[in-house]
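Asker: Test case, fold it:
(chains A and B)
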Amino acid sequence: MRVMEGSEAIAEAVRVAVPKVIAAYPITPQTHVVEDLAKYVADGRLDAEFLTVESEHSAASAVLGASAAGVRTFTATSSQGLLYMSEVVCAIAGMRLPVVMTLANRAISAPLSIWNDHQDSMMLRDSGWVQIFAQTAQEAHDLHLVAYRVAEDTRVQLPVMVCVDGFVLTHAFEPVEPLTEADAAALLPPYEPEVRLDPADPMTFGAYAEPSVYTEARYEVHDAMRVAGDVLTEALDAFAARTGRRYDPWFDRYRMEGAEVALIAMGTSAQTAQLVVDDLRAEGVSAGLIALRTFRPFPAERLAEDLATVERLVVLDRSVSLGAGGIVAGEVRAALHAAGAPTRVIGVIAGLGGRDVSRETIRKAFEAEADGWVDLKHELVGSER
Amino acid sequence: MSQTLVEEAEVVHAPERAEHLIAPGHRACAGCGLLVGARLAADAAGGNVVVTNATGCLEVVTTAFPGSAWRVPWIHSVFGNAAAVASGVKAALRASGRDDIPVIAQAGDGGTADIGMQALSGMLERGDDVLFVLYDNEGYMNTGVQRSGLTPTDAATTTTPAGRLSEGNPHLKKDLLAIVLAHRPVYAATATLAYHKDLQGKMGRAIAARGPRFLHVLVPCPLGWRFKSESTIEVSRLAVLSNLFPLVEYRGGILDKVKRIGAPVPVDDYLRAQDRFKHLFRDERGEVEREFLQSIADENARRLGLPVYRPAA
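Answerer: Numbers count the residues shown, from 1 in each chain, chains lettered A, B, ... in the order given. Modelled structure (predicted):
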């Protein structure tokens, strides 16, 4: 056990996974992750090519090319960086390249904000990347190794974005039990793609598709997402057997027994929410918490199974679809509706652009009777004003 | 600056194989200069390469799934990133003990000088071991002949049409080679189809070098430049003979060789061969523009120490 900055915990996990090509462009709050990796390369602790590219667009492009050439790759970004590389991000998924990325979650311009929320990853929600949200430095560390295993599995072959709250997770120091090279060797097989760019066996990557085949290509990505859920489950089982640290592939249930009111949160806010659940339970309120870990593939049926008996469900969104509402809330609502569950779903938008998601914020969210936004005084402001 | 007269240079990597590395059966237009240039270049480079490609005509006409005309490993993803993908491929090859495989990035003029400019600059500036080949047909031909940063002054395109108030493209053709040379690439050259041995020789020398390299290939486009499909090679030749597209070769950023045109032809000969310049021959305004285009050719010649066009007395 060692006290580490969240970014270092991530870089350490990437180091033992041994990517051969890393490409990144600086953006706050992603920087410490790639700075640590650059130092490992400089010190000879990680045998990798580190490309200091001139933009996020080229960072994503370089790992796309390197991955197609048959090696393990890594990149990291945040916010505008993710948006700037977004067309390449979509191509990486469509081309079935198992790139792993750390997304240090940060708000989207305008107005400019370097602070944490989930709007950046939500913008790329539909890109074909597996999206997993970590709550702690330990979890962020562990999920990066698992991410490579899932991405590179020949049944999946999809990129994975490990989403970590900017600053709150990337820059905070927490005790972490680091994975060793032996753990990585036991849990992550060498990357041996079925096809790669190779003059001995020339293949065309990234062909152009006419209407006769495009739908099928996209369906295959969609279907691989479903398989990714199964492979993630297997990978986390193997991870638990090796390390003793068990993560549910979909979501954590905290004090959900007999819960009449429940909250759904993602990322670090879910940790704070545990304290609020404890407070509410102590006050006699039957409150529980679902900490959503995997957002893509979305566990619609599992959520519906677990939440059908909850009377009132509040979804805490750290992002917003402007003109529509909370994004996770919308998806949860659809899942419960499809399952015929009577649960009332309320969407609360909070913690945008680095505004604290405090115990008071979460308590107000628990009390919400209608969709709304939490303001600076932790008051719920209705959507309809 | 050392200049030597280059006649048609020897082909360094003559293709031994009966088959071309770009197979027939692709969907390019009749008379497409791009496909002629790309096939000559691919054959000169040989099969032991990895090619990255920008979006555009070359990509679309050669790789309609499930077909592919490429007999070399080839990858395309988006428009502006051929250079960056190539940097990543090269890093992967280096990291996996396959550093002996050359990597070629290729793009059209848009994918090089406009949307691909930043990635190209990054690749060159980092000194990445990549050969970037620009196939310049002077416009966005794949999307229907729109103006690019490499469209020549006065060319009519669909976004710079000639009209009562317009003589076509009002902008100068970007001096891309100068921008590339400012990065001090180990090798940079220009070539075109009419001088195919020169093109293949340059491709061979470029592929044999290590470090950032650049080859600018002018590829006339019958559709966009509006000439008959059998005239492609002639138009390519006139571009050189008029001094509008000098054939040069630089090593380490220094001019090494230049093709000397003993008796340049007037720019009008080149312009008259293409209907994209047709509007320049209808009135006095056009004459002024043609004089300006002749001055660009003359300046090219003077800069390179070549004979300047002299009209008969």
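Asker: Could I get the full set of helices for chain A?
Answerer: For chain A, applying DSSP state H gives helices covering A:6-17, A:31-42, A:56-68, A:79-84, A:86-94, A:119-123, A:137-152, A:181-187, A:211-243, A:269-282, A:300-307, A:327-338, A:359-367.
Asker: would TSV of those helices with distance to chain B, mean pLDDT and mean neighbour count be doable?
Answerer: Glycine gets a C-beta too; all of them are placed from N, C-alpha and C. Formatted as TSV, these follow (distance: least, CB to the nearest CB, whole Å; pLDDT from 0 to 100; neighbours: other CB atoms under 10 Å in any protein chain shown):
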stretch	distance to chain B	mean pLDDT	mean neighbour count
helix A:6-17	14	98	26
helix A:31-42	11	98	19
helix A:56-68	3	98	32
helix A:79-84	11	98	23
helix A:86-94	4	98	21
helix A:119-123	17	98	24
helix A:137-152	15	98	26
helix A:181-187	17	98	15
helix A:211-243	6	97	15
helix A:269-282	35	98	19
helix A:300-307	31	95	17
helix A:327-338	26	97	19
helix A:359-367	40	96	21
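Asker: wait, which of the ones you listed is closest to residue A:100?
Answerer: Nearest to residue A:100, of all the helices of chain A, is helix A:137-152, at 4.7 Å by CB to CB.
Asker: May I see the helices of chain A organised as CSV, with distance to residue B:25 added?
Answerer: Rendered in CSV, the data for those read as follows (distance: least, CB to CB, whole Å):
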stretch, distance to residue B:25
helix A:6-17, 43
helix A:31-42, 45
helix A:56-68, 24
helix A:79-84, 38
helix A:86-94, 25
helix A:119-123, 41
helix A:137-152, 35
helix A:181-187, 47
helix A:211-243, 18
helix A:269-282, 56
helix A:300-307, 46
helix A:327-338, 46
helix A:359-367, 62
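Asker: nearest to residue B:231, of those helices?
Answerer: So among the helices of chain A, helix A:211-243 is nearest, using CB to CB, at 34.9 Å.
Asker: packing partners for the closest one?
Answerer: Packing contacts for helix A:211-243, counted by 3 or more CB pairs under 8 Å, 6 or more residues apart in numbering or on different chains; DSSP states H and E, involve helix A:86-94, strand A:130-133, helix A:137-152, helix A:181-187, strand A:294-296.
Asker: so how many other residues sit close to residue A:202?
Answerer: Neighbours of residue A:202 under the rule other CB atoms under 10 Å in any protein chain shown: 18.
Asker: Please look at it and residue B:48 and confirm they touch.
Answerer: No - judged on CB atoms under 8 Å, residue A:202 makes no contact with residue B:48 at a distance of 10.1 Å.
Asker: Could you give the bridge partners of residue B:191?
Answerer: residue B:217 (DSSP bridges).
Asker: There's contact between it and residue B:215 in this structure, I believe.
Answerer: Yes - using CB under 8 Å, residue B:191 is in contact with residue B:215, at 6.4 Å.
Asker: ok, now how distant is the residue of chain A most remote from its centre from residue B:261?
Answerer: Distance to the chain centre peaks in chain A at residue A:200, reaching 37.3 Å (criterion: CA atoms, centre = their mean). Look at residue A:200 and residue B:261: by CB to CB, to the nearest Å, they are 43 Å apart.
Asker: same check, this time on residue B:232
Answerer: From residue B:232 across to residue B:261, the span is 20 Å (CB to CB).
Asker: show me the contacts for the nearest residue to residue B:24 once chain neighbours are set aside.
Answerer: Spatial nearest neighbour of residue B:24, excluding adjacent residues (CB to CB, 6 or more residues apart in numbering or on different chains): residue B:69 at 7.6 Å. The contact partners of residue B:69, by CB atoms under 8 Å, 6 or more residues apart in numbering or on different chains, come to B:22-26, B:61-63.
Asker: do the same with residue A:29
Answerer: Residue A:29 makes contact with A:78, A:104, A:106, A:114, A:116, A:166-167, A:170-171 under the criterion CB under 8 Å, 6+ apart.
Asker: ok, so of the residues you listed, who is nearest chain B?
Answerer: Proximity to chain B was ranked across the contacts of residue A:29 by CB to the nearest CB; first place goes to residue A:78, at 19.3 Å.
Asker: For the residue farthest from the centre of chain A, report the pLDDT, please.
Answerer: pLDDT for residue A:200: 96.
Asker: show me what contacts residue B:28?
Answerer: B:34-35, B:57, B:61-62.
Asker: Can you add secondary structure, neighbour count and distance to chain A and give these back as CSV?
Answerer: CSV is the format used below for these (DSSP: H, G, I helix; E, B strand; the rest coil; neighbours: other CB atoms under 10 Å in any protein chain shown; distance: CB to the nearest CB, whole Å):
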residue, secondary structure, neighbour count, distance to chain A
B:34, helix, 25, 16
B:35, helix, 22, 16
B:57, helix, 25, 11
B:61, helix, 19, 9
B:62, helix, 25, 8
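Asker: tally of neighbours for residue B:189?
Answerer: Applying other CB under 10 Å, we find 25 other residues in the vicinity of residue B:189.
Asker: Same question for residue A:128.
Answerer: Burial of residue A:128 is recorded as 21 neighbouring residues (other CB under 10 Å).
Asker: swap in residue A:109?
Answerer: Count around residue A:109 with other CB under 10 Å applied: 11.
Asker: I'd assumed residue A:82 was in contact with it.
Answerer: No - taking CB under 8 Å as the definition, residue A:109 is not a contact partner of residue A:82, at 12.0 Å.
Asker: quick one, what contacts the closest residue in space to residue A:350 that isn't next to it in sequence?
Answerer: Spatially, and ignoring its direct neighbours in sequence, residue A:350 is nearest to residue A:374 (3.9 Å; CB to CB, 6+ apart). For residue A:374, the contact set (CB under 8 Å, 6+ apart) comprises A:348-351, A:361, A:364-365, A:380-381.
Asker: can you redo these as JSON lines with distance to residue A:95?
Answerer: Formatted as JSON lines, these follow (distance: CB to CB, whole Å):
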{"residue": "A:348", "distance to residue A:95": "38"}
{"residue": "A:349", "distance to residue A:95": "34"}
{"residue": "A:350", "distance to residue A:95": "36"}
{"residue": "A:351", "distance to residue A:95": "34"}
{"residue": "A:361", "distance to residue A:95": "41"}
{"residue": "A:364", "distance to residue A:95": "44"}
{"residue": "A:365", "distance to residue A:95": "40"}
{"residue": "A:380", "distance to residue A:95": "44"}
{"residue": "A:381", "distance to residue A:95": "43"}
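Asker: which sections of the stretch 51-200 of chain B are below the confidence cut-off?
Answerer: By pLDDT under 70, the stretch 51-200 of chain B has no low-scoring segment.
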